[in-house]
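Enquirer: From the sequence below, what's the structure:
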Amino acid sequence: MPDLTLAPFLAHIAHCHNTSLPGDRVPFHCEGALIGWIAPRFAASLQALPDSPLHRGEEGFEISAGSQLERLGRIMAEAGLYRSHNELFDVFTPDGTVLGQIDRGALPPLGLAARGVHLNGLVTKADGVHVWMGHRSLTKRLDPGKLDHLVAGGVCAGLTPREALAKEAEEEASIPLSVIQAAREASILHYTMERPEGLRRDALHCYDLDLPADFQPEPSDGEVSFFELVPLEEAFIRVRDSQQVKFNVNLVLIDLFIRKDLFSATQAATLRAALNEAP
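Expert: Here you go, the predicted structure:
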């Protein structure tokens with residue numbers, strides 16, 4: 001009989017694992033490597049792009065050189081297929097080779113893989129472990145007002161995940177490099193998710209950072225309205241009983257709850273299997 005107490009947590013995980021590949025998507029190749037999957041709802045618009053380096057062939061969509069990806073992204077934005085982030089991300093082959101760069105907003109319509117970083121900012125007090133949570137600005141285009149991590153963001157072109165973590169920490173929470181260097185690599189979580197903007201194929205590089213009780217993060221780039229220090233058990237309840245938390249932040253917090261022994265061994269094994277479900 002299934003453990004009903006896990007149902008809310010499994011629902012959050014299933015929400016981020018809401019699709020399988022390829023489904024009805026068309027493969028997207030660059031320099032002979034499979035780099036993306038394009039849904040039918042984008043295919044016709046992509047084929048109609050003027051002066052585009054993207055072509056539809058027998059094997060699906062293709063672009064001859066990674067150096068043409070950035071131009072493709074500009075053409076897509078000009079055609080209204082997405083709103084530019086003015087932020088380039090690396091485009092990878094399945095083995096991790098960087099082929100080129102493209103605007104972050106073009107990743108979902110093309111079904112390209114992306115990387116992100118998430119930091120669990122932890123404070124241990126006499127009454128137990130607490131975790132810092134950010135309240136996302138109401139002007140954010142994605143999940144405004146939702147609860148987020150102390151630090152979270154995408155890995156921009158040319159950066160390693162740890163370099164991206166340091167960049168986001170300074171920009172989002174005014175955390176200096178001398179502090180963020182102590183962050184520990186905790187896990188890498190993957191999910192494949194169909195959303196209104198397209199296909200999200202994300203790898204989340206998760207870190208833990210122990211912080212002193214008097215630490216106070218300060219929002220600095222407008223992406224976070226304010227930060228709140230929450231007992232870990234309260235964060236557990238918010239994930240379990242509400243939809244307050246940003247969709248992928250739920251995954252990182254569930255991973256943290258497992259590592260902090262908030263589930264039984266049997267429950268943890270069930271959740272870990274769901275988190276590690278092959279995309």
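
Enquirer: where exactly do the strands run in this protein?
Expert: Assigned by DSSP state E, the chain shows strands spanning 26-30, 33-38, 55-57, 60-63, 88-92, 98-103, 113-125, 128-136, 147-149, 151-154, 184-195, 198-210, 224-231.

Enquirer: neighbours of residue 150, just the number please.
Expert: 26 (other C-beta atoms under 10 Å). C-beta coordinates here come from the backbone N, C-alpha and C atoms, glycine included.

Enquirer: nope, residue 230 is what I meant
Expert: Residues near residue 230, counting by other C-beta under 10 Å: 17.

Enquirer: separation between it and residue 74?
Expert: Residue 230 is 41 Å from residue 74, where distance means C-beta to C-beta, to the nearest Å.

Enquirer: Which parts of the protein belong to which domain?
Expert: What automatic domain parsing lists as the domains of the chain is 4-18+114-275, 26-110.

Enquirer: Any chance of CSV for those, columns mean pLDDT?
Expert: Output for those, formatted as CSV (pLDDT from 0 to 100):
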stretch, mean pLDDT
domain 4-18+114-275, 94
domain 26-110, 96
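
Enquirer: next one: phi and psi at residue 50?
Expert: Torsion angles at residue 50 (phi, psi; degrees, to the nearest 10) stand at phi -80, psi 140.

Enquirer: Look up how far residue 80 lies from it.
Expert: Between residue 50 and residue 80 the distance is 13 Å, computed by C-beta to C-beta.

Enquirer: swap in residue 126?
Expert: Taken as C-beta to C-beta, the span from residue 126 to residue 80 is 55 Å.

Enquirer: Looking at the two, which is more packed in?
Expert: Relative neighbour count places residue 80 above the other of residue 126 and residue 80, with 8 against 5, counting by other C-beta under 10 Å.

Enquirer: OK, contacts around the more buried one?
Expert: Residue 80 makes contact with no residue, according to C-beta atoms under 8 Å, 6 or more residues apart in numbering.

Enquirer: and with 10 Å instead?
Expert: Neighbour list for residue 80: residue 45 [criterion: C-beta atoms under 10 Å, 6 or more residues apart in numbering].

Enquirer: Residue 123 pairs with what?
Expert: Following DSSP bridges, residue 123 is listed with bridge partners residue 130.

Enquirer: check contacts around it.
Expert: So residue 123 contacts 129-132, 209-215, 229-232 (C-beta under 10 Å, 6+ apart).

Enquirer: For those residues, work out which two are farthest apart.
Expert: Using C-beta to C-beta, the contacts of residue 123 span at most 18.9 Å, a distance reached by 214 and 232.

Enquirer: Who has more neighbours out of those two?
Expert: residue 232 (20 against 6).

Enquirer: Run a quick check on the more buried one versus residue 208, I expect a contact.
Expert: No - counting by C-beta atoms under 10 Å, residue 232 sits too far from residue 208 to count as a contact (11.9 Å).

Enquirer: Mind listing the shared neighbours of these two?
Expert: Listed as contacting both residue 232 and residue 208 by C-beta under 10 Å, 6+ apart are 120, 122, 131, 256, 260.

Enquirer: which of the residues you listed count as buried?
Expert: 120, 122, 131, 256, 260 (16 or more other C-beta atoms under 10 Å).

Enquirer: What sits closest to the fourth one if chain neighbours are left out?
Expert: Spelled out, it's residue 256. residue 120 (5.2 Å; C-beta to C-beta, 6 or more residues apart in numbering).

Enquirer: residues contacting the one you found?
Expert: Each residue near residue 120 by C-beta under 10 Å, 6+ apart is listed here: 129, 131-133, 149-151, 183-184, 186, 206-210, 232, 235, 252-253, 255-256, 259-260.

Enquirer: And residue 151, by the same measure?
Expert: Residues near residue 151 by C-beta under 10 Å, 6+ apart: 117-121, 132, 134, 164-173, 175, 180, 183, 207, 209, 217, 224.

Enquirer: now it: how far from residue 172?
Expert: 6 Å.

Enquirer: next one: residue 127
Expert: Using C-beta to C-beta, residue 127 is found at 27 Å from residue 172.

Enquirer: what about those two, which has more around it?
Expert: residue 172 (25 against 8).
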